[in-house]
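Visitor: got a structure for you, letters missing:
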């Protein structure tokens, strides 16, 4: 039986509570994540996908519910406390990195995650050579950019660095929040290839939010689809491998009781 690593139980979150703009985004969401899961998360705009990741990362306090990680209740842990074991790559390539610092310095900060000593101790010759090898293995000539400021890189290159930073020290959970949405097609392909390689090579439990149904079906061992703050579809194994986009749309229509009309998700 698969080991449970993360459990979200009866999660509720409302924004702008008590105002005319009140928005009950997560509505009793339940999700059990097993160790080694690579879960693609899909759903229409406003379904709660990114809010689910924010809840897991500790960006805000929950209205109700519990989050259990490695059998420990982390519901009241801060985002900073969770950052030692939960890594994240954002949609915006400008986030998650220090733009005025070099590629090597950014990787050193990531490798030093959870340590009290300053990252400069990590920026030694041994680790510098390690960074160079990691970047060379990516195959984008980034090993020549170790002394370049991250802010000088292209969006695709910067997202590669963000992904390497998130995985250079294996996290318990990796959160990917539409991390290819701002990239051009070539960069998208490169980052998705690297994402799969890093997750598989390091056996990292991962949650990946995407708008692209084809990506949701192609990547990962499990697919969940959200609607109105809940998980309405949860597919894995052979059922997921054999799934097609039309079948997924039909399944959503049947399970949610309404027709899927999010064109961005259908054709993204």
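Guide: Noted; the coordinates are in hand. Given the structure is predicted, the values throughout are model-derived calculations rather than measurements.
Visitor: and the nearest residue to residue 146 once chain neighbours are set aside, how many neighbours does it have?
Guide: Nearest residue to residue 146, sequence neighbours excluded (C-beta to C-beta, 6 or more residues apart in numbering): residue 104, at 4.5 Å. The C-beta positions use only the backbone N, C-alpha and C, and glycine is treated the same way. By other C-beta atoms under 10 Å, 20 other residues sit near residue 104.
Visitor: Next one: residue 104 from residue 190, what distance?
Guide: As judged by C-beta to C-beta, to the nearest Å, residue 104 and residue 190 stand 21 Å apart.
Visitor: and residue 62, what does it touch?
Guide: 11-13, 55, 75 (C-beta atoms under 8 Å, 6 or more residues apart in numbering).
Visitor: Compute the distance between it and residue 207, please.
Guide: For residue 62 relative to residue 207 (C-beta to C-beta), the value is 17 Å.
Visitor: Then residue 183?
Guide: From residue 183 across to residue 207, the span is 19 Å (C-beta to C-beta).
Visitor: Tell me which stretches of the stretch 1-150 of the chain form helices.
Guide: In the stretch 1-150 of the chain, the helices defined using DSSP state H, counting those that start in this stretch lie at 49-57, 79-82, 103-111, 125-138.
Visitor: The last one to helix 103-111, inter-axis angle?
Guide: Angular relation of helix 125-138 and helix 103-111 on a 0 to 180 degree scale: 100 degrees, by axes from the mean of the first three to the mean of the last three C-alpha atoms, to 10 degrees.
Visitor: How far does helix 125-138 sit from its chain's centre?
Guide: Relative to its chain's centre, helix 125-138 lies at 24 Å (C-alpha atoms, centre = their mean, to the nearest Å).
Visitor: got it, and stretch 139-157?
Guide: 22 Å.
Visitor: With stretch 252-260 instead?
Guide: 26 Å.
Visitor: and that stretch, what's its mean pLDDT?
Guide: Stretch 252-260 comes out with an average pLDDT of 77.
Visitor: hmm, who's touching it?
Guide: So stretch 252-260 is contacted by 44, 225, 227-228, 232-233, 249, 266 (C-beta under 8 Å, 6+ apart).
Visitor: okay, the residues you listed in JSON lines with secondary structure, pLDDT and neighbour count next?
Guide: Shown next, in JSON lines, are the contacts of stretch 252-260 (DSSP: H, G, I helix; E, B strand; the rest coil; pLDDT from 0 to 100; neighbours: other C-beta atoms under 10 Å):
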{"residue": "44", "secondary structure": "coil", "pLDDT": "86", "neighbour count": "21"}
{"residue": "225", "secondary structure": "strand", "pLDDT": "94", "neighbour count": "26"}
{"residue": "227", "secondary structure": "strand", "pLDDT": "93", "neighbour count": "20"}
{"residue": "228", "secondary structure": "coil", "pLDDT": "92", "neighbour count": "16"}
{"residue": "232", "secondary structure": "strand", "pLDDT": "94", "neighbour count": "17"}
{"residue": "233", "secondary structure": "strand", "pLDDT": "94", "neighbour count": "17"}
{"residue": "249", "secondary structure": "helix", "pLDDT": "89", "neighbour count": "17"}
{"residue": "266", "secondary structure": "helix", "pLDDT": "48", "neighbour count": "17"}
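Visitor: Might you list the low-confidence residue ranges for the stretch 101-250 of the chain?
Guide: 116-119 (pLDDT under 70).
Visitor: Can you pull the phi and psi angles for the residue most central in space within the chain?
Guide: Taking C-alpha atoms, centre = their mean, the centroid of the chain lies closest to residue 176, which sits 1.6 Å from it. Backbone geometry at residue 176, expressed as degrees, to the nearest 10, gives phi -120, psi 110.
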